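Asker: I'd like to go over a predicted model; first the sequence, then the structure.
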Amino acid sequence: MTGYTGTKDDYLKRLRRIEGQVRGIARMVDEDTYCIDVLTQVSAVTKALQAVSLGLVEDHLAHCVVDAARASDEAGQAKVREAADAIARLVRS
């Protein structure tokens, strides 16, 4: 079971909304919409994806990392390293 199982429907709803925003941006480019307006929408999509990412990180920490730490110190440390690596990838992107 994943950390986000309880909120899976919410994540899917948010991702579908983001998917629609991306399609809208493609349409804007196809219609030669003013550059700044396109960039504004790209920024909105980026923020929305960041919000999803932060929620997933929180769910992972609260569920997967905590469960692993309860199982053993080694398993907990491995999950913390895994989470830290994922956070580092998010920060770099």
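Answerer: Yes, it's here. Everything quoted here is computed from the prediction, not taken from an experiment.
Asker: Next one, pLDDT for residue 93 please.
Answerer: Model confidence at residue 93, given as pLDDT, is 77.
Asker: quick one: secondary structure of the residue most central in space within the chain?
Answerer: Residue closest to the average C-alpha location in the chain (Cα atoms, centre = their mean): residue 53, at 2.1 Å. Under DSSP: H, G, I helix; E, B strand; the rest coil, residue 53 falls in the helix class.
Asker: wait, what's in contact with it?
Answerer: residue 90 (Cβ atoms under 8 Å, 6 or more residues apart in numbering). C-beta coordinates here come from the backbone N, C-alpha and C atoms, glycine included.
Asker: measure it to residue 86 for me?
Answerer: For residue 53, the distance to residue 86 (Cβ to Cβ, to the nearest Å) stands at 9 Å.
Asker: same deal with residue 24?
Answerer: In terms of Cβ to Cβ, residue 24 sits 29 Å off from residue 86.
Asker: does residue 25 sit in a helix or strand, and which one?
Answerer: helix 8-30 (DSSP states H and E).
Asker: Give me the buried positions along that helix.
Answerer: By neighbour count on 16 or more other Cβ atoms under 10 Å, the buried set for helix 8-30 is 14, 18, 21, 25, 28.
Asker: same deal with stretch 57-66?
Answerer: Neighbour count says stretch 57-66 has 57, 59, 60, 63, 64, 65 buried, by 16+ other Cβ under 10 Å.
Asker: residue contacts, the second one?
Answerer: Same thing as residue 59. Taking Cβ under 8 Å, 6+ apart as the definition, contacts of residue 59 comprise 2, 3, 4, 7.
Asker: Ok, the first one next?
Answerer: Applying Cβ under 8 Å, 6+ apart to residue 57 gives the contacts 83, 86, 87, 90.
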